[in-house]
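**Q** sequence? don't have it. structure:
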DNA sequence: ATAGAAAAGTTGAGTCGTTGCACTTTTTTA
DNA sequence: TAAAAAAGTGCAACGACTCAACTTTTCTAT
């Protein structure tokens, strides 16, 4: 890795670190991009050469959540249905977030700021097509089967549904119960 | 209704009309709020006294879609399940949109502009709690039952799922099939 | 009827996110 | 080693939106 790429990565990390620190300190809306640029000692224009938007400064470490989702579907134990495997994974990730205090602060920041909520949702929903393809392959359906796409969409959307609800765990379980067994025949 | 409120309503309509005309003509991103203000012969700050954002200029005639949703759940014929009633309603609204050419242009505008897609989704999802309450009442569940909330969320989200897909009708049907009967036991 | 409260509109200056253009620096290639 | 390509940086600017101060219009209470 050349000197150039090293410097680039350094300023990138400096920007993301400064942004996280300032956002946690003052709140997203009370920090301007100019503040972040100054804290990292670059010009505001440079910020946007590294990140496409102000929100993106916070969602830098995205990476391999998509791979985890696909693995969950493909490597589920015998006799475990796809929605059940996704339910376990969602609940696991959810309680992991509550464990780490740094992660908890991050989550509280994103959920209390509308712009970040929206952005986070969009980033999360980007995995829909990949997850749909994984489900289709796991069940032998055609790759663009709309039923698989619907399950992928709703399973991902579950975290958006649980967000802001009093009992998030219960919400996730209720949502997946609906996806697994359907609406009770009575109503 | 006094002269004052009449004038206020008049400038409001003038702004919304000018905005719709200019947006359809040039596209959302190629029209500035200044342009709209000038076309309606008011100052740009006045625009924001009437509408909270540029996007809101387009979604003015929201009104009674929520009432329609609730009526669909409450007044469904005997023996028709809630998700089935919502499915019929969704499909009906969808094909209505394709019929009216003015509505078709409106839909094409909103779907081709990311900012408008997001805004439209948010407006639509605002009906979630009201719909959840209607479902709870129709089925005798407690008002904040998470299962009812989940069905409301997913049923509304169906239009976001179908958006941008090749066969929207098929997507809506697949999504509601999942909500009605659950994921097939095999996978 | 008239004074005064309240609301609508205007204006102008300003903030903030974001982009285009010009410039410098670094890396690659001939 | 010179030239070209690429990447980084910064200034100025645009567009959405806000704030504060002020004018004009409408409503209300005496």
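**A** Ah, there it is. Since this is a predicted model, take the numbers as computed values, not measurements.
**Q** what residues are up against the spatially most central residue of chain A?
**A** The centre of chain A sits closest to residue A:124, judged by Cα atoms, centre = their mean, with a distance of 4.1 Å. If you count contacts by Cβ atoms under 8 Å, 6 or more residues apart in numbering or on different chains, residue A:124 has them with A:65, A:156, A:159-160. Where you see a C-beta, it was placed from the backbone N, CA and C, and this is true even at glycine.
**Q** make it 7 Å
**A** Residue A:124 sits next to A:156, A:159 when contact means Cβ atoms under 7 Å, 6 or more residues apart in numbering or on different chains.
**Q** Please, which helix or strand holds it?
**A** Using DSSP states H and E, residue A:124 sits in helix A:114-125.
**Q** report the angle between the axes of that helix and helix B:114-125?
**A** In terms of direction (axes from the mean of the first three to the mean of the last three Cα atoms, to 10 degrees), helix A:114-125 departs from helix B:114-125 by 100 degrees.
**Q** model confidence over helix A:114-125, on average?
**A** For helix A:114-125, mean pLDDT rounds to 94.
**Q** buried residues in the next helix or strand after that helix?
**A** Per DSSP H and E, helix A:114-125 leads on to helix A:128-139 as the next helix or strand towards the C-terminus. Neighbour-count burial for helix A:128-139, counted by 16 or more other Cβ atoms under 10 Å in any protein chain shown, picks out A:128, A:131-136, A:138-139.
**Q** Pull out the buried positions in stretch A:78-85.
**A** So for stretch A:78-85, counting by 16+ other Cβ under 10 Å, buried means A:81-85.
**Q** again with stretch A:17-29
**A** Buried residues in stretch A:17-29 (16+ other Cβ under 10 Å): A:18-20, A:22-24, A:28.
**Q** Need the per-residue pLDDT for residue A:1.
**A** Residue A:1 is given a pLDDT of 62.
**Q** ok, back up a step: would TSV of the buried residues of stretch A:17-29 with distance to chain B and secondary structure be doable?
**A** As requested, those are arranged in TSV below (distance: Cβ to the nearest Cβ, whole Å; DSSP: H, G, I helix; E, B strand; the rest coil):
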residue	distance to chain B	secondary structure
A:18	28	helix
A:19	23	helix
A:20	25	helix
A:22	26	helix
A:23	22	helix
A:24	26	helix
A:28	18	helix
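**Q** closest to DNA strand C among these?
**A** residue A:28 (7.9 Å; Cβ to the nearest atom of the strand).
**Q** Grab the nearest non-local neighbour of the closest one.
**A** residue A:113 (4.4 Å; Cβ to Cβ, 6 or more residues apart in numbering or on different chains).
**Q** Could you tell me which residues of chain A lie near DNA strand C?
**A** Contact residues, chain A versus DNA strand C (Cβ under 7 Å from any atom of the strand): A:2-4, A:31-34, A:44-45, A:48, A:52-55.
**Q** so which of these would you say is closest to DNA strand D?
**A** For the residues of chain A next to DNA strand C, the nearest to DNA strand D is residue A:45 (3.2 Å; Cβ to the nearest atom of the strand).
**Q** so which strand or helix has the closest one?
**A** helix A:44-50.
**Q** That helix near DNA strand D at all?
**A** Yes: using Cβ under 7 Å from any atom of the strand, helix A:44-50 reaches DNA strand D at A:44-46, A:49.
**Q** tell me the mean pLDDT for that helix?
**A** 92.
**Q** Just the buried positions in the helix or strand following it, please.
**A** As assigned by DSSP H and E, the chain's next helix or strand after helix A:44-50 is helix A:65-74. Buried residues in helix A:65-74, counted by 16+ other Cβ under 10 Å: A:69-70, A:72-73.
**Q** Buried residues in the very next helix or strand once past helix A:65-74, which are they?
**A** Next helix or strand after helix A:65-74 toward the C-terminus (DSSP H and E): helix A:82-99. Neighbour-count burial for helix A:82-99, counted by 16+ other Cβ under 10 Å, picks out A:82-87, A:89-91, A:94.
**Q** Adding distance to residue A:184 and pLDDT, write these out as a markdown table.
**A** Shown next, in a markdown table, are the buried residues of helix A:82-99 (distance: Cβ to Cβ, whole Å; pLDDT from 0 to 100):
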| residue | distance to residue A:184 | pLDDT |
| --- | --- | --- |
| A:82 | 21 | 97 |
| A:83 | 16 | 97 |
| A:84 | 18 | 97 |
| A:85 | 23 | 98 |
| A:86 | 21 | 98 |
| A:87 | 18 | 98 |
| A:89 | 25 | 97 |
| A:90 | 22 | 97 |
| A:91 | 22 | 96 |
| A:94 | 25 | 90 |
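**Q** so which of these are also by chain B?
**A** Among the buried residues of helix A:82-99, the residues that sit close to chain B (Cβ under 7 Å from any Cβ of the partner chain) are A:82-83.
**Q** just to revisit the earlier point, now render the buried residues of stretch A:17-29 as TSV, adding pLDDT.
**A** As requested, the buried residues of stretch A:17-29 are exported to TSV (pLDDT from 0 to 100):
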residue	pLDDT
A:18	93
A:19	95
A:20	94
A:22	95
A:23	96
A:24	95
A:28	96
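**Q** Report how many residues lie close to the single nearest residue of chain A relative to DNA strand D.
**A** Using Cβ to the nearest atom of the strand, residue A:43 is the residue of chain A that sits closest to DNA strand D, at 2.8 Å. By other Cβ atoms under 10 Å in any protein chain shown, 12 other residues sit near residue A:43.
**Q** shouldn't it be in contact with residue A:36?
**A** No: with contacts counted by Cβ atoms under 7 Å, residue A:43 stays clear of residue A:36, the gap being 11.2 Å.
**Q** For residue A:60, grab phi and psi.
**A** phi -90, psi -40 (degrees, to the nearest 10).
**Q** rewinding a little: any chance of JSON lines for the residues of helix A:44-50 next to DNA strand D, columns neighbour count and distance to residue B:166?
**A** Putting these into JSON lines (neighbours: other Cβ atoms under 10 Å in any protein chain shown; distance: Cβ to Cβ, whole Å) gives the following:
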{"residue": "A:44", "neighbour count": "13", "distance to residue B:166": "42"}
{"residue": "A:45", "neighbour count": "9", "distance to residue B:166": "40"}
{"residue": "A:46", "neighbour count": "14", "distance to residue B:166": "41"}
{"residue": "A:49", "neighbour count": "12", "distance to residue B:166": "36"}
